[in-house]
Structure formats: C-alpha cells, structure tokens
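Novice: Task: produce atomic coordinates for the following.
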Amino acid sequence: MLTKEDFKHYENKEQFLEILKNKIDKNTLDEIIAKAEYEKELEQLQAELVNLQHWVAKHKKRVCIIFEGRDAAGKGGSIRRFTEHLNPRSMRVVALTKPTEVEQGQWYFRRYIKELPEPGEIVFFDRSWYNRAVVEPVMGFCTDKQYEKFMVQVTEFEHMLYEDGVDIIKFWFSITKDEQARRFESRLKNPLKRWKFSPVDKEGQVRWDDYTFYKEQMFSKTHTTFSPWILIVTNNKKQARLESMRYVLSKFDYDGKRKSGLTMLRDPNVVQRYHRAIK
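Specialist: Next up, the predicted model:
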C-alpha cells in the first residue's frame, strides 16, 4: 500500500518505480506501466491528429474515414479517441440510423453522399454504405438483387470520389468470436453500456459464419488500389486505437509531421492491407 510518505521521498521516475516495485506485485506494476505508456502515446498521437486537422482545413482537403467491423469490435471507442481533441467545426461523426421509407426508395448511396466531407473537413463514419455488403444480407435487410447491384456499383462510386479528390480510408476492425462474446457479456453487465446491446448483436454470434462469408466477399470485390481495405486486429482495444491513429497520420504529409518524433511505422501484426492479410 502506497502512503503519503512514498510520494514525498522520490526525485525522479526511476526512484518512484523502485518504490512501486517494493510495494506492489509485479503483475499490478506491469499493468500500471502499460496503462501509463498507453496514455502517453495516445496523447502524442491525438496532438498529431490536431496538427493534421489544421492542415486539412488550411488546404481544403476532404477526408473520409470509415470504421467497419463486427459488433463490439471497438469502432465507437476508437472514433471517440480520434475525435476527443479535434475542433468540432471541421469534423463530424456520422452514424446513420435505419433508412426512412423515402430513403428506401432512393438510390442507395444518396443518404451517404449528403454526409461526405466538405472542403477542409474530416468525417468519421461509424459504419457506412458497407452495411449493404455484410450486415444487410446476413440479417435479410436487403434483397439479393439489391446486394448484387451494390457490389457492382460501390467500386465505381468510390472511384468517382477518389477522382474528385476525396481521401477515403477504410478500416475493418477484426475481432475473434470468443472476444466478441466476452464483450457482449460485459455490456450486459454494465448499466452504462447495456443500451449498446441489441437483438442484431446477439445474432452476430449465431450467424458468425454468414458474416465471415459476406465479409470475405466484400474484401475480394471492393479492395482496390485507390480505396484499399485496412484490417485492424482489435482483440487488444488500446493497441488497435493507437495503430489505427498511426495509420491515418502516416497517409498525409501534414505540416510539422517530421518534427513530432513519433514513429509512423505501423505494427504489421495489428495493421494489414487486405491483400497482404490473405497471404
């Protein structure tokens, strides 16, 4: 147990670590050090994201970052860390609800086109038009014809955005079946997170193999040179957050980037382009 005296009798970090080693067990100490290192690196990366946002606004860039993945993969938590210190005037988070009756009669991409970034803006999509590639066919929310039409049109749609100067980053947050089940259980036990759990989440475990089939179809048909899929291994949430931030920062040559002192090299065990992952 640490006392007030312990906090008075150290002059630097090394001395304080020695006090901790004598006071608490190794596992607890390792957890404390790992959390402190995570918080420090997170703060540094968030500061770089602020610099990136200034550059995007200054040069009127349009940046669209898509977060896809199975339920409980950590998409929402990562978006919160991305946006925590950004200026809300030139940043938005888009998480569209079920389409209205009118929207169901429109061209599928129309409701998403309205949400695309304006010049100088970064938009984070918490799920996107790729609902139609995985969730909708698995859950029976679209017809086979609608699904097939989407799969033909989506790469053309993204190519038009690319040619018009929109920078698109597509993340797929990957989670194992056992870890998803554990996180679902954790949500149900936490009254502050219970709202996140829905019948669709429950079906995610039952229809795991169906999700896998449609996910692989999506990757194979929509992974392109101008709009590749970036796979993020998310069983370790904190690691996934840091590495996805690092990937985004590595894609832009913003002002002051080389003076940050941060490495932009991603961990290949956490971040992979789809075509490399299948090899």
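Novice: Would you list the phi and psi of L262?
Specialist: Here is the backbone geometry of L262 (degrees, to the nearest 10): phi -90, psi 140.
Novice: Now it: closest residue in space, sequence neighbours ignored.
Specialist: Q44 (5.7 Å; Cβ to Cβ, 6 or more residues apart in numbering). No exception for glycine: its C-beta is placed from N, CA and C like everyone else's.
Novice: part of a helix, is the one you found?
Specialist: Yes - judged by DSSP: H, G, I helix; E, B strand; the rest coil, Q44 forms part of a helix.
Novice: gap between it and H85?
Specialist: 12 Å (Cβ to Cβ, to the nearest Å).
Novice: can you check S174 too?
Specialist: S174 is 27 Å from H85, by Cβ to Cβ.
Novice: of those two, who's got more company?
Specialist: Comparing S174 with H85 by neighbour count (other Cβ atoms under 10 Å), the higher total belongs to S174, at 19 against 12.
Novice: quick one, what contacts the more buried one?
Specialist: G69, R70, A73, L231, I232, V233, T234 (Cβ atoms under 8 Å, 6 or more residues apart in numbering).
Novice: what sits opposite it in the beta ladder?
Specialist: When bridges are called by DSSP bridges, S174 pairs up with V233.
Novice: What are the boundaries of the strands in the stretch 51-200 of the chain?
Specialist: Secondary structure of the stretch 51-200 of the chain (DSSP state E, counting those that start in this stretch): strands at 62-69, 91-94, 121-126, 166-174.
Novice: Okay, now the sheet partners of the shortest one, with direction.
Specialist: In the sheet containing strand 91-94, the strands it pairs with under DSSP bridges are strand 121-126 (parallel).
Novice: quick one: the partner strand to strand 166-174, angle?
Specialist: If you take axes from the mean of the first three to the mean of the last three Cα atoms, to 10 degrees, strand 121-126 sits at 30 degrees to strand 166-174.
Novice: Tell me how far strand 121-126 lies from the chain's centre.
Specialist: 11 Å (Cα atoms, centre = their mean, to the nearest Å).
Novice: next one: stretch 253-265
Specialist: Chain-centre distance of stretch 253-265: 21 Å, with Cα atoms, centre = their mean.
Novice: Stretch 25-42 too?
Specialist: Its chain's C-alpha centre and that of stretch 25-42 lie 23 Å apart, by Cα atoms, centre = their mean.
Novice: which parts of it are buried?
Specialist: By neighbour count on 16 or more other Cβ atoms under 10 Å, the buried set for stretch 25-42 is E41, L42.
Novice: Can I get that stretch in PDB, CA atoms only?
Specialist: The C-alpha trace of stretch 25-42 is given here as PDB (Å, rounded to 0.1, in the frame of the first residue of the first chain):
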ATOM      1  CA  ASP A  25       3.200  -7.200  -7.100                       C
ATOM      2  CA  LYS A  26       4.800  -7.500 -10.500                       C
ATOM      3  CA  ASN A  27       1.500  -8.000 -12.400                       C
ATOM      4  CA  THR A  28      -0.100  -4.900 -11.000                       C
ATOM      5  CA  LEU A  29       3.100  -2.900 -11.700                       C
ATOM      6  CA  ASP A  30       3.200  -4.100 -15.300                       C
ATOM      7  CA  GLU A  31      -0.500  -3.100 -15.700                       C
ATOM      8  CA  ILE A  32       0.200   0.400 -14.300                       C
ATOM      9  CA  ILE A  33       3.300   0.900 -16.500                       C
ATOM     10  CA  ALA A  34       1.400  -0.300 -19.600                       C
ATOM     11  CA  LYS A  35      -1.500   2.000 -18.900                       C
ATOM     12  CA  ALA A  36       0.800   5.000 -18.400                       C
ATOM     13  CA  GLU A  37       2.700   4.300 -21.600                       C
ATOM     14  CA  TYR A  38      -0.600   3.900 -23.500                       C
ATOM     15  CA  GLU A  39      -2.000   7.200 -22.100                       C
ATOM     16  CA  LYS A  40       1.300   9.000 -23.000                       C
ATOM     17  CA  GLU A  41       1.300   7.700 -26.600                       C
ATOM     18  CA  LEU A  42      -2.400   8.300 -27.000                       C
END
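Novice: Name the SS class of E37, please.
Specialist: helix.
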